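>>> Pasted the sequence and its predicted model underneath.
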Amino acid sequence: MRYAAVTTDTLSTTLSALAHPARRAILTRLADGEATVKELAAPLDISGPAVSRHLRVLERAGLISQRKEAQWRPCRLEAEPLAEVAEWAVGFREAWDTSFDRLDAYLEHLKRQEERDDDRG
């Protein structure tokens, strides 16, 4: 059986890049402004080559950009792909709200039932 080639959409690429905690930590740091690779690596308990690999993943996903400045390569957050993730997640808000509304109604039901039981006892 032959499988069709799967093309990866930008949302999937972004979500995949966000899947690792070190990459999320890097993005969190870059939300405060540009940083060098050395500055990004400092708080992480991983090797320099691992940081470089994470940066390549983030760059391929369009979440960061790097520029060459003498011997440094400052990184900058590129937030546009995050907007696509946020837009996608908002689509679930109605489902979340409905679930929370049902939970609220159930908890209110339990509270009234407990009050009735207390009144009888």
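Looks like it arrived, so ask away.
>>> Quick one: list the elements packing against the longest helix belonging to the chain.
Secondary structure of the chain per DSSP state H: the longest helix is helix 93-120. For helix 93-120, there is no helix or strand it packs on, judged by 3 or more C-beta pairs under 8 Å, 6 or more residues apart in numbering; DSSP states H and E. In short, each C-beta sits where N, CA and C put it, glycine included.
>>> quick one: that helix to chain centroid distance?
Here helix 93-120 is found 31 Å from its chain centre; the criterion is C-alpha atoms, centre = their mean, to the nearest Å.
>>> quick thing: my sequence starts at 762, can you match it?
In the new count, where the first residue is 762, that last one comes out as helix 854-881.
>>> and it, average pLDDT?
In this model, helix 854-881 carries a mean pLDDT of 86.
>>> What residues does the spatially most central residue of the chain make contact with?
Central residue of the chain (C-alpha atoms, centre = their mean): residue 779, 4.9 Å from the mean position. Listed by C-beta atoms under 8 Å, 6 or more residues apart in numbering, the contact set of residue 779 reads 785, 788, 824, 846.
>>> ranking these by neighbours, who comes first?
Counting neighbours by other C-beta atoms under 10 Å, the top entry in the contacts of residue 779 is residue 824, with 25 neighbours.
>>> That one contacts residue 788, doesn't it?
Yes. Residue 824 lies in contact with residue 788 (C-beta atoms under 8 Å); the separation is 6.3 Å.
>>> Quick check: neighbours shared by those two?
779, 838.
>>> Look up how far residue 790 lies from residue 827.
According to C-beta to C-beta, to the nearest Å, residue 827 stands 14 Å off from residue 790.
>>> Okay, now the unreliable bits of the protein?
Applying pLDDT under 70 to the chain flags the ranges 762-769, 882.
>>> How is this structure divided into domains?
762-851, 852-882 (automatic domain parsing).
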